[in-house]
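>>> When you get a sec, could you give me coordinates for this:
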Amino acid sequence: MSKTVKATKTTEAAATPTAPKRNAAQTIAALENAFMSQNQQIQMLADELNRVRNIITSLNKRVNASIQAAEEGSLNGDSVNKIILNENMKELEGKVTFLVEQGVLTKNDDKEISEQTFVVGREIDAEGNVVNPRVQFAVGSIEKTIQEKLLSKKIGAMIQFGDTDPKLEITEVYEINQPAVKKDYEAQPVVQ
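Just a heads-up that it's a prediction; the model follows:
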């Protein structure tokens, strides 16, 4: 009877699959894959939180504009949108002012547009109506095909990127200043 019990245990052990042993490289690869998966999930969550933050910011602007329009006695869609547009323009102007104060941008109305310029403009439709009163961007950060249409232009230039697109009128040009690199290491004595 003891031979039968031993045989059964041996058969059960052979039937139960065991996980193959990993070497160090396989273990590290598995950990890297798990980390990358977690990192992707965290990035997706961060993107979603950023989207929610933008929605809340937009709703906050709309509520504040509605309150302001109501206080002025003209609460309607057009007055609210006009207040929001004005606030957005102030915010964009504030960002440029901050960059100028920090020394990142220098206004230069005589400069031709290059890849190292920051441009402010407004979009105008075929009838001459202002569609978007403020557009601003670093030229080096946009598509090459659009960059090519902007290069060498100056303030006052009207540029149309596509047949049905509104024209962009250049209203301000700023030079993007390169950060000064401290070369303190050159003044240090060489230690031997």
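
>>> Can you name the element that comes right after the least confident helix or strand in the chain by mean pLDDT?
Using mean pLDDT, DSSP states H and E, the weakest-scoring helix or strand in the chain turns out to be helix 2-15, at a mean of 52. The helix or strand immediately downstream of helix 2-15 is helix 24-71, counting by DSSP states H and E.

>>> what helices or strands is that next one leaning on?
Applying 3 or more CB pairs under 8 Å, 6 or more residues apart in numbering; DSSP states H and E, one finds that helix 24-71 contacts helix 77-101. Placement of C-beta: from N, CA and C, glycine included.

>>> what's next to the helix it packs on, contact-wise?
Applying CB atoms under 8 Å, 6 or more residues apart in numbering, the external contacts of helix 77-101 come out as 61-62, 64-66, 68-69, 72, 105-107, 118, 120, 133-134, 136, 172, 174.

>>> Likewise for stretch 57-75?
Contacts for stretch 57-75 (CB under 8 Å, 6+ apart): Asn76, Ser79, Val80, Asn81, Ile83, Ile84, Glu87, Asn88.

>>> need those in JSON lines with pLDDT, distance to Ile42 and neighbour count, can you?
Putting the contacts of stretch 57-75 into JSON lines (pLDDT from 0 to 100; distance: CB to CB, whole Å; neighbours: other CB atoms under 10 Å) gives the following:
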{"residue": "Asn76", "pLDDT": "91", "distance to Ile42": "43", "neighbour count": "11"}
{"residue": "Ser79", "pLDDT": "90", "distance to Ile42": "42", "neighbour count": "17"}
{"residue": "Val80", "pLDDT": "92", "distance to Ile42": "37", "neighbour count": "21"}
{"residue": "Asn81", "pLDDT": "90", "distance to Ile42": "37", "neighbour count": "13"}
{"residue": "Ile83", "pLDDT": "92", "distance to Ile42": "37", "neighbour count": "20"}
{"residue": "Ile84", "pLDDT": "91", "distance to Ile42": "33", "neighbour count": "18"}
{"residue": "Glu87", "pLDDT": "92", "distance to Ile42": "33", "neighbour count": "14"}
{"residue": "Asn88", "pLDDT": "91", "distance to Ile42": "31", "neighbour count": "13"}
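
>>> want to throw those into TSV with distance to Gly140?
Below are the contacts of stretch 57-75 laid out as TSV (distance: CB to CB, whole Å):
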residue	distance to Gly140
Asn76	42
Ser79	38
Val80	36
Asn81	32
Ile83	33
Ile84	30
Glu87	28
Asn88	24
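
>>> closest to Asn50 among these?
The nearest member of these to Asn50, counting by CB to CB, is Asn88 at 18.3 Å.

>>> separation between the closest one and Glu148?
According to CB to CB, to the nearest Å, Asn88 and Glu148 sit 29 Å apart.

>>> got the domain boundaries for this structure?
Per automatic domain parsing, the structural domains of the chain span 21-102, 103-176.

>>> Can you get me the start-to-end distance on the shortest one?
In other words, domain 103-176. End-to-end distance for domain 103-176, by CA to CA, to the nearest Å: 9 Å.
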